[in-house]
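*Asks:* Okay, structure incoming, though there's no sequence with it:
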Ligand SMILES: Cc1ncc(COP(=O)(O)O)c(C=O)c1O
């Protein structure tokens, strides 16, 4: 079975992890800051704070912004639940914003409609690896005093008009889950241009304590001060060594993802009933996912099953978050709230996309989808 996503791990990666296992520091040692600096540099940000997941990065970002009870945070309906969950962790309310039907990115017009005076932040999601139109989103947020944050868990390596992800919002979340651009096992990072914000993110990831263990050892001091309630969201040297080794290969990974996307684009131009999502002009797409939309008369469930039977793994990203039972019960959300997202959800399919996908496998995906769609109209 061709999976829809898969990590690419080589002997360099394995050696890098083994080196840490032979060293003095397994958790927050010298590799954590080295990884933070390297990722931040790659993404164009001044500071990176490594955390245990992309979800932890989103939570930390909301926390340092002061998001709390009584606040609203605007999130797109098409995203992984983690984007909205981070808002709930802070005791605030997520407000679901509809997406542009062509790109499935947060729709600035619906953002303007849904923004109330209680809105403290908006979290734009670079769905599938395509950076949002941050200029348009900022034009809605700025006059209303809403801080624009980026969930770029899909988009490491992406850019908008030459500006890399990591420079497009006040803070940016990344994920290093194995299906993402680089893997650390579990892992994530919050990026920011502001040194004081980076300090607060670092403090939050370690219980709200203001100096880490290595720093205390250097100072020969036992004293530490917990100054706020934080979490244990630390990422270990073991994970960061894997991440640092993977980062060296990121340009090649991105190039291969883009090559596969170009192949799919060209192939599906000749397949009726299959349409790739639109790419905004000026965007450098990082292609975490390759998403197609099937025509209204194609039975998506039957196509999904036919592809599985043909050895092609696919997935659906995402069930709109406001349709999950937890959100329906807790926030009273449901169908009708974000019509474009709900309509898109019925028709989308994520095809295999990962650097290790071979040309022959990509061709197999195209042939299998074309065949499945041809025989499953209506
Ligand atoms: C858009 C989006 N945001 C946040 C996350 C959370 O990242 P993690 O799995 O590293 O916690 C994911 C992970 O799939 C995601 O796709």
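*Replies:* Received, thanks. All figures in this text were calculated on a predicted structure; none of them were measured in a lab. Numbering: from 1, shown residues only.
*Asks:* so which residue of this protein comes closest to the ligand?
*Replies:* Closest to the ligand within the chain is residue 54: 2.6 Å, counting by C-beta to the nearest ligand atom. For every residue, glycine as well, the C-beta is placed using N, CA and C.
*Asks:* from what I can see that residue touches residue 83, true?
*Replies:* No. Checked against C-beta atoms under 8 Å, the pair residue 54 and residue 83 is beyond contact range at 9.2 Å.
*Asks:* Common neighbours of the two, please.
*Replies:* Residues touching both residue 54 and residue 83 (C-beta atoms under 8 Å, 6 or more residues apart in numbering) are residue 151.
*Asks:* How many neighbouring residues does the residue of the chain closest to the ligand have?
*Replies:* Residues lying near residue 54 (other C-beta atoms under 10 Å) number 27.
*Asks:* residues touching the residue lying closest to it once chain neighbours are set aside, list them.
*Replies:* The shortest distance from residue 54 to any non-neighbouring residue, by C-beta to C-beta, 6 or more residues apart in numbering, is to residue 175 (2.8 Å). By C-beta under 8 Å, 6+ apart, the residues touching residue 175 are 53, 54, 55, 57, 153, 187, 188.
*Asks:* most surrounded residue in the residues you listed?
*Replies:* Among the contacts of residue 175, residue 57 has more neighbours than the rest - 33 neighbours, counting by other C-beta under 10 Å.
*Asks:* what about it, distance to residue 376?
*Replies:* 40 Å (C-beta to C-beta, to the nearest Å).
*Asks:* Up against the ligand, what does the stretch 1-150 of the chain have?
*Replies:* Proximity of the stretch 1-150 of the chain to the ligand (C-beta under 6 Å from any ligand atom) is limited to residues 53, 54, 55, 79, 80, 82, 83, 125.
*Asks:* Could you check the pLDDT of residue 312?
*Replies:* Note for residue 312: predicted pLDDT of 98.
*Asks:* what's near enough to touch the residue of the chain closest to the ligand?
*Replies:* Counted by C-beta under 8 Å, 6+ apart, residue 54 has contacts 82, 151, 153, 173, 174, 175, 176, 177, 180, 188.
*Asks:* Tell me the buried residues in whatever helix or strand residue 41 lives in?
*Replies:* Element membership for residue 41 (DSSP states H and E) is helix 31-43. Along helix 31-43, these residues count as buried under the neighbour rule (16 or more other C-beta atoms under 10 Å): 31, 32, 35, 36, 38, 39, 40, 42, 43.
*Asks:* before we move on, what about stretch 265-273?
*Replies:* Under 16+ other C-beta under 10 Å, the buried positions of stretch 265-273 are 267, 268, 271, 273.
*Asks:* How about residue 282: what's its closest non-neighbour residue?
*Replies:* Leaving out its chain neighbours, the residue that sits closest to residue 282 by C-beta to C-beta, 6+ apart is residue 161, at 4.4 Å.
*Asks:* before we move on, what about residue 151?
*Replies:* Leaving out its chain neighbours, the residue that sits closest to residue 151 by C-beta to C-beta, 6+ apart is residue 125, at 4.4 Å.
*Asks:* circling back to that earlier point, give me the subset of the contacts of residue 175 that lies in strands.
*Replies:* residue 188 (DSSP state E).
*Asks:* could I get the contacts of residue 175 as TSV with distance to residue 117?
*Replies:* TSV is the format used below for the contacts of residue 175 (distance: C-beta to C-beta, whole Å):
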residue	distance to residue 117
53	32
54	30
55	28
57	27
153	29
187	37
188	31
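*Asks:* Following element in sequence after the host helix or strand of residue 254, please.
*Replies:* Element membership of residue 254 [criterion: DSSP H and E] is helix 250-268. Counting by DSSP H and E, the next helix or strand C-terminal to helix 250-268 is strand 274-276.
*Asks:* Residue 292 falls within a helix, correct?
*Replies:* No. Secondary structure assignment places residue 292 outside any helix; it is strand (DSSP: H, G, I helix; E, B strand; the rest coil).
*Asks:* in this structure, which strand has the most residues?
*Replies:* As assigned by DSSP E, the longest strand anywhere in the chain is strand 119-125.
*Asks:* Name every strand pairing with that one and say which way it goes.
*Replies:* strand 72-76 (parallel), strand 147-151 (parallel) (DSSP bridges).
*Asks:* Low-confidence ranges, the stretch 101-250 of the chain, go.
*Replies:* Residues of the stretch 101-250 of the chain that meet the criterion pLDDT under 70 lie in 212-213.
*Asks:* Find the nearest non-adjacent residue to the residue nearest the centre of the chain, please.
*Replies:* In the chain, the residue lying closest to the centroid (C-alpha atoms, centre = their mean) is residue 153, at 1.7 Å. Leaving aside its sequence neighbours, residue 153 sits nearest to residue 175 (C-beta to C-beta, 6+ apart; 3.8 Å).
*Asks:* How about residue 126?
*Replies:* Counting by C-beta to C-beta, 6+ apart, residue 126 lies nearest to residue 155, which is 3.5 Å off, once chain neighbours are set aside.
*Asks:* Also residue 180?
*Replies:* residue 288 (6.3 Å).
*Asks:* Run through the strands of the chain in chain order.
*Replies:* Along the chain, the segments classed as strands by DSSP E run 47-51, 72-76, 93-97, 119-125, 147-151, 159-160, 163-164, 171-175, 188-192, 274-276, 283-284, 290-294, 348-351.
*Asks:* could you check the angle strand 93-97 makes with the longest one?
*Replies:* Just to be clear, that refers to strand 119-125. Counting by axes from the mean of the first three to the mean of the last three C-alpha atoms, to 10 degrees, strand 119-125 lies at 50 degrees to strand 93-97.
*Asks:* roughly how far is strand 119-125 from the heart of the chain?
*Replies:* Relative to its chain's centre, strand 119-125 lies at 14 Å (C-alpha atoms, centre = their mean, to the nearest Å).
*Asks:* The first one now?
*Replies:* Chain-centre distance of strand 47-51: 15 Å, with C-alpha atoms, centre = their mean.
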